[in-house]
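Asks: how does the following fold in three dimensions:
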Amino acid sequence: MSDKESVNLRIEQGLKDTVANVAINLEGDSRPSDLSKTARKLILIGLGARQANIEPDIVGPLGVIPRPFAEISFGGEKVTMGTQLRAETLEELQAAFETKKHPAAREALRLGLIIVQSDNLKMEGPLGGPRPFANINVEEHVVGEEARQALHEIKAALDI
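Replies: A predicted model of the protein is given here:
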């Protein structure tokens, strides 16, 4: 019996497309199995960042906007994308993001993607301001060996 659980995430098409671009560089294709592997790694990175209290600095015209008031949207209709996560990872996600497993995995995926693609994403705040990622060496601070390994692997594949 596998210790992994299938998790189907309802995400924006733009988020799935961005994951697909990373998957092409990382796995060589964007088949569902490649998307699943890439999403798992991005979720681990997002989880490790949350556990280390690393969040993007979201800046509006009046300064930094607290994360609950500034949501990052990738655009497009809602689509489904699946991945497999260990039961322990799901428990850690729920504790770190203080929500159920699906929303926690979705938020970790977004955060992981922002970390590895921050230079390539056009992000705007609610009032039109830029959303730069915090100036911090994420690789040094992200929690968990699996998360650091995934971050290193993706950065190498993306040549960043």
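Asks: specify the local secondary structure of residue 11.
Replies: Under the three-state scheme (DSSP: H, G, I helix; E, B strand; the rest coil), residue 11 adopts strand.
Asks: residues near it, how many?
Replies: 21 (other Cβ atoms under 10 Å). All C-beta atoms are positioned from the backbone trio N, CA, C, and that covers glycine.
Asks: beta partners of it?
Replies: Beta bridges link residue 11 to residue 79, judged by DSSP bridges.
Asks: where does this protein have low pLDDT?
Replies: The chain contains residues with pLDDT under 70 at 1-2, 56-73, 119-140, 160.
Asks: could I get the buried residue list for the helix ranked longest in it?
Replies: Longest helix of the chain, by residue count under DSSP state H: helix 32-51. For helix 32-51, the neighbour count (16 or more other Cβ atoms under 10 Å) marks 34-51 as buried.
Asks: send the alpha carbons of it over as CSV?
Replies: Coordinates of the C-alpha atoms in helix 32-51 are reproduced here as CSV (Å, rounded to 0.1, in the frame of the first residue of the first chain):
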residue,chain,number,x,y,z
PRO,A,32,-0.3,14.9,-16.2
SER,A,33,2.4,12.8,-14.5
ASP,A,34,5.0,15.6,-15.1
LEU,A,35,2.6,18.2,-13.7
SER,A,36,2.0,16.0,-10.7
LYS,A,37,5.7,15.6,-9.9
THR,A,38,6.3,19.3,-10.4
ALA,A,39,3.3,20.4,-8.4
ARG,A,40,4.5,18.1,-5.5
LYS,A,41,7.9,19.8,-5.5
LEU,A,42,6.4,23.3,-5.6
ILE,A,43,4.1,22.4,-2.7
LEU,A,44,7.0,21.2,-0.7
ILE,A,45,8.8,24.5,-1.4
GLY,A,46,5.8,26.5,-0.4
LEU,A,47,5.3,24.5,2.8
GLY,A,48,9.0,24.9,3.7
ALA,A,49,8.7,28.6,3.1
ARG,A,50,5.6,28.9,5.2
GLN,A,51,7.2,27.0,8.0
